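> all I have is the shape, not the residue letters:
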């Protein structure tokens, strides 16, 4: 199994630009999570999906952030417009079902200048 | 509300010493799950262990061992005979159980940086 695959691994963009992060979960996993990691706030859950349905997006910082999961094998996290404070490592994770162990992708390091 | 506290910010040891990482959690749920993850310098998050709230048996896996004590809401992690490759940030996490068809959010502690020097 290839594990959770995220792309791109690194992204540098200018303030105001749209950024799209991509995630392919492990095949057969029903839950998908988006996390953000910063020095100040640690690991924060942004949103999670179960069976492609968004369950809890209370962690999404503001309307500039949106996430979709059009099918079981793909999810996107979009930031529009991006701001320097969005700079962080964004992780995608998937699990067989909620409360089983979540497996993380290698993360996308986003830098907004 | 959930809360996971890892009071130790950084622990430095010399190779072959044992190191214990503390994790204290808060939850009102009677059913919940606890996890430990490792984040090496390369940055990925590696799953180490998952325990449910009904299983208080301690567990040993190679040089790793975990001590789950419900009475003190603690789930501590010990690395025996530490090695340089153990240098990483270790995260404790809590997930509350919902219905059997539902799911839980992983809430992470702030992490403990372990530095093992030769």
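Thanks, I have it. Nothing here was measured: the structure is a model prediction, and the numbers come from that model.
> the helix or strand of chain A with the lowest mean pLDDT near chain B anywhere?
Here the helix or strand of chain A ranked lowest by mean pLDDT, DSSP states H and E is strand A:53-56, holding a mean of 88. Yes: counting by CB under 8 Å from any CB of the partner chain, chain B has neighbours in strand A:53-56: A:55, A:56. The C-beta positions use only the backbone N, C-alpha and C, and glycine is treated the same way.
> give me the buried positions along whichever helix or strand comes after that strand.
Using DSSP states H and E, the helix or strand that follows strand A:53-56 in sequence is strand A:65-71. Of all the residues in strand A:65-71, those buried under the rule 16 or more other CB atoms under 10 Å in any protein chain shown are A:65, A:67, A:69.
> what pairs with the worst-scoring helix or strand of chain B on mean pLDDT, parallel or antiparallel?
Ranking every helix and strand in chain B by mean pLDDT, DSSP H and E puts strand B:59-61 at the bottom, with a mean of 85. Paired strands of strand B:59-61, with direction, are strand B:64-69 (antiparallel) (DSSP bridges).
> average pLDDT for the strand it pairs with, rounded please.
Strand B:64-69 comes out with an average pLDDT of 93.
> what's the answer for stretch A:72-79, then?
Averaging pLDDT residue by residue across stretch A:72-79 gives 97.
> check whether it comes near chain B.
No: residues of stretch A:72-79 are not located near chain B by CB under 8 Å from any CB, the shortest gap being 14.9 Å.
> what's the local residue count around the closest residue in space to residue B:74 that isn't next to it in sequence?
Distance criterion CB to CB, 6 or more residues apart in numbering or on different chains; nearest residue to residue B:74, sequence neighbours excluded, is residue B:24 at 5.3 Å. Residue B:24 has 17 neighbours, counted by other CB atoms under 10 Å in any protein chain shown.
> again with residue B:10
Neighbours of residue B:10 under the rule other CB under 10 Å: 10.
> same question for residue A:72.
Under the criterion other CB under 10 Å, the count of neighbours that residue A:72 has is 16.
> these two touch, right, it and residue A:52?
Yes: the pair residue A:72 / residue A:52 is scored as a contact, 6.0 Å apart, by CB atoms under 8 Å.
> name the nearest residue to residue A:68, sequence neighbours excluded.
residue A:76 (5.3 Å).
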